[in-house]
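In: prediction below, plus the sequence it came from.
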There are 2 protein chains.
Amino acid sequence: MTQKPTLREVARHAGCSVTTTSNILQGRHRGYRPETVERVLSVAHMLGYRPNRAAQSLAKKRSYTIALVFERYHPILTRNSYAQHVVDGILERLLTTEYDLKMVMFNPSAPEHLWERVQEGAVDGALLLVPAIDSPLLEWRRHSTVPAVSINSTVPALYRLSSIDIDNETAMQALVAWVLEQGHTEIGFVKGHPLHWSAHQRERAFRRVLAQHGIVPREEWIIEGTYSIEGGRLAAVRLLEQAALPTAVLCANDLTAVGFAQVCLERGVRIPDDLSLAGFDDDALALSIMPTLTTVAHNMHAVGRQAVEMLLEQIEDPQTPFQQHLLPGRLVIRTSVRPLHKGVVQVPAHNLTQEVQR
Amino acid sequence: MTQKPTLREVARHAGCSVTTTSNILQGRHRGYRPETVERVLSVAHMLGYRPNRAAQSLAKKRSYTIALVFERYHPILTRNSYAQHVVDGILERLLTTEYDLKMVMFNPSAPEHLWERVQEGAVDGALLLVPAIDSPLLEWRRHSTVPAVSINSTVPALYRLSSIDIDNETAMQALVAWVLEQGHTEIGFVKGHPLHWSAHQRERAFRRVLAQHGIVPREEWIIEGTYSIEGGRLAAVRLLEQAALPTAVLCANDLTAVGFAQVCLERGVRIPDDLSLAGFDDDALALSIMPTLTTVAHNMHAVGRQAVEMLLEQIEDPQTPFQQHLLPGRLVIRTSVRPLHKGVVQVPAHNLTQEVQR
DNA sequence: GTGAAAGCGCTAACAC
DNA sequence: GTGTTAGCGCTTTCAC
């Protein structure tokens, strides 16, 4: 019998019923004679018994798989290096559970597909990867009772969607505060992709800190961006053609900063001598440009782990109220911002870990 | 009845048996009265019926899910931007099938886990992401009868593993040939990670083309690398300290080239004026450095699609003999290699598509 | 043309 | 302490 043994066969060899066998194999040793337990366990091992997942799911009404849902051609996902770390964190956490991870590509132009898929009892929970402001995924609660948590998008409370995200506002505030500490007061900003919640959070934080220091931002130095290299290039072109230039420019993410730096290099604007530049996210690219980019890093691995944690909790107890968590960032000071002590600005110490790399 | 309807319920509402209902829903309309077919179909739709996957799997002995297996902390995977394109291609192709994709992280220090998982009948096939030279995954056939195909690693035939890969040798040959056409004859090479089949294929191709042109490579210009930025940096340090320098350096991949370029920049070696540089893979980084990197691009999306194609074929017909496919690359000529017509070298036209970007 | 019924492999009341 | 048994929701053989 080289075929896969079934529960029944294990029971037969162990000389007891399938119930007993099933119970013991599930770790319910309570009430069974130690020798029975021992016997069942060893027989199962001998035979190389493995429960059939489909049968188990059917009987338990649990699939033991969770879905990782992301939108087709999601710009953030296909271009940023952090997605892999998130997935890594998710898988890592899942390793010690019974759950498997299923990738579900969501096509926004045919949303029904997703809801159908999810309702097949095929998944016990879902992780939504960076749902954008216009994403049909936000309506999750309206379509499904399956537990879900949003990753890297803290969506408005009205959607009642649990979320785990990096703390965009606090991190950006710390970065801006630090740049001010370096003596910069004339600061430009390149925004993120307008369809992402994080873009607005980052911009808001930027404006808030300036306001706190009585600095009125010059709107012509606040340029549209798209969280992409190309967007950074465009922004640089637009900014550099202005009469008066800021002494520092903050970009909503590293890709943007990389594009911005490219144009500067091409036009002979030296960073950081002529212009200081900072990014956000600590993308792999941040280290690949010269000068190396000052930015803020996030623990994306932890984001993935925590997302699973929250989801499991919801699966265990569906009554769990939805909750939104934020993870702190870490300032990474490299060489793209130069100190410029021409005016003294009062700045409170920010509360972010910081790391200096020269 | 707001609960999910079952087959039985559809049958009841349609006024026929579950057999009939099942048959019709599976598209077996043959032999049924058109009105019956019509009735069943519409009732199912009305009720929003969705078959239960677990039940279906159990009865059909098919899970309709395939596994994407990759090693934990796989260096290539976590650092290269191409993995996402492969996954994209896979999902895209899967969209038109009944199959789902499950991510399976393989921990080489506990291989049993994987074989057990796979034997649970949980997957109908597996896609192995870039198994390395020492990977336990290569022994797949010894452990499992589940169909599998290796992605981006053409493994030795003895493993009897189907594979889909980019044509490393042909592509590297074309690149080398093109560099020779530019007049370079003193060429250095930074190798890839020694645990990857592709690294050896690329190096082999490099040496072959030189040999074909009667050029004896200088071994001190052929440096170890690891397919990483750090590896590229180390290689640059080692190469630049030599008395005589080549006029061009080819790197086994773009990451390596990026690291190499960084060190050059730091030491005042100008690219391409003092030294020409080329990469391989057309990573997102290739465009982020100055000068933009001449390299060869691969259609990773197609790799993913084809992998699925091959796997499905094997699942349909387990008798299918294993096969190894190669996809052609595309030369991407940017600005990091400068023409150097000091000697004329006979070079046959290479057979790769080529694209010039300035 | 259509349906009854026997599983698929496992779980969990409930009985002894 | 252990076993009997009725499902879980669907597929498929075979009979009518």
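Out: Here it is on my side, so go on.

In: tell me the phi and psi of the closest residue to DNA strand C within the stretch 251-358 of chain A?
Out: Residue nearest to DNA strand C within the stretch 251-358 of chain A: A:Glu316 (14.2 Å; Cβ to the nearest atom of the strand). (Each C-beta comes from the backbone N, C-alpha and C, glycine too.) Note on A:Glu316: backbone dihedrals following degrees, to the nearest 10 are phi -60, psi -50.

In: so it versus chain B, what's the distance?
Out: To chain B, A:Glu316 is 20 Å away according to Cβ to the nearest Cβ, to the nearest Å.

In: any idea how many residues pack against that residue?
Out: Neighbour count of A:Glu316, defined by other Cβ atoms under 10 Å in any protein chain shown: 10.

In: could you do A:Ala243 as well?
Out: Neighbours around A:Ala243, by other Cβ under 10 Å: 5.

In: so it, which of the three states?
Out: Secondary structure, DSSP: H, G, I helix; E, B strand; the rest coil: A:Ala243 is coil.

In: check the gap between it and A:Val249 for me.
Out: Counting by Cβ to Cβ, to the nearest Å, the gap from A:Ala243 to A:Val249 is 16 Å.

In: for A:Arg117, same thing?
Out: In terms of Cβ to Cβ, A:Arg117 sits 44 Å off from A:Val249.

In: and for A:Ala205?
Out: 16 Å.

In: of the two, give the one with the bigger neighbour count.
Out: Just comparing A:Ala205 and A:Val249: by other Cβ under 10 Å the higher neighbour count belongs to A:Val249, 32 against 21.

In: ok so, going back, let's see the pLDDT reported for the residue of the stretch 251-358 of chain A closest to DNA strand C.
Out: In this prediction, A:Glu316 carries a pLDDT score of 89.

In: can you tell me how far it is from A:Glu309?
Out: 11 Å.

In: likewise for A:Glu186?
Out: 43 Å.

In: now A:Pro339. Nearest residue, chain neighbours left out?
Out: Counting by Cβ to Cβ, 6 or more residues apart in numbering or on different chains, A:Gln182 is the residue found nearest to A:Pro339 once chain neighbours are left out, at 4.6 Å.

In: right, I mislabeled it, should have said A:Ser163
Out: Excluding the flanking residues, the one nearest A:Ser163 by Cβ to Cβ, 6+ apart is A:Ser150, at 4.0 Å.

In: quick one, phi psi at the one you found?
Out: Main-chain dihedrals, A:Ser150, degrees, to the nearest 10: phi -90, psi 130.

In: residue contacts, it?
Out: Residues near A:Ser150 by Cβ atoms under 8 Å, 6 or more residues apart in numbering or on different chains: A:Leu128, A:Val130, A:Pro131, A:Leu137, A:Leu161, A:Ser162, A:Ser163, A:Ile164, A:Asp165.

In: beta partners of it?
Out: A:Leu128, A:Ser163 (DSSP bridges).

In: give me the helices and strands touching whichever strand or helix holds A:Met172, please.
Out: Using DSSP states H and E, A:Met172 maps to helix A:168-181. Helices and strands touching helix A:168-181, as assessed by 3 or more Cβ pairs under 8 Å, 6 or more residues apart in numbering or on different chains; DSSP states H and E, comprise strand A:187-190, helix A:197-212, strand A:248-251, strand A:276-278, strand A:295-297, strand A:330-333.

In: so for B:Gly304, which of these sits nearest?
Out: Smallest distance to B:Gly304 across the helices and strands packed on helix A:168-181 (Cβ to Cβ): 28.5 Å, for helix A:197-212.

In: just the residues contacting the next helix or strand after the closest one, thanks.
Out: Using DSSP H and E, the helix or strand that follows helix A:197-212 in sequence is strand A:222-223. Applying Cβ under 8 Å, 6+ apart, the external contacts of strand A:222-223 come out as A:Gly188, A:Phe189, A:Val190, A:Lys191, A:Glu203, A:Ala235, A:Arg238, A:Leu239.

In: if we use 7 Å, what do you get?
Out: The contact list for strand A:222-223 (Cβ atoms under 7 Å, 6 or more residues apart in numbering or on different chains) reads A:Gly188, A:Phe189, A:Val190, A:Lys191, A:Ala235, A:Arg238, A:Leu239.
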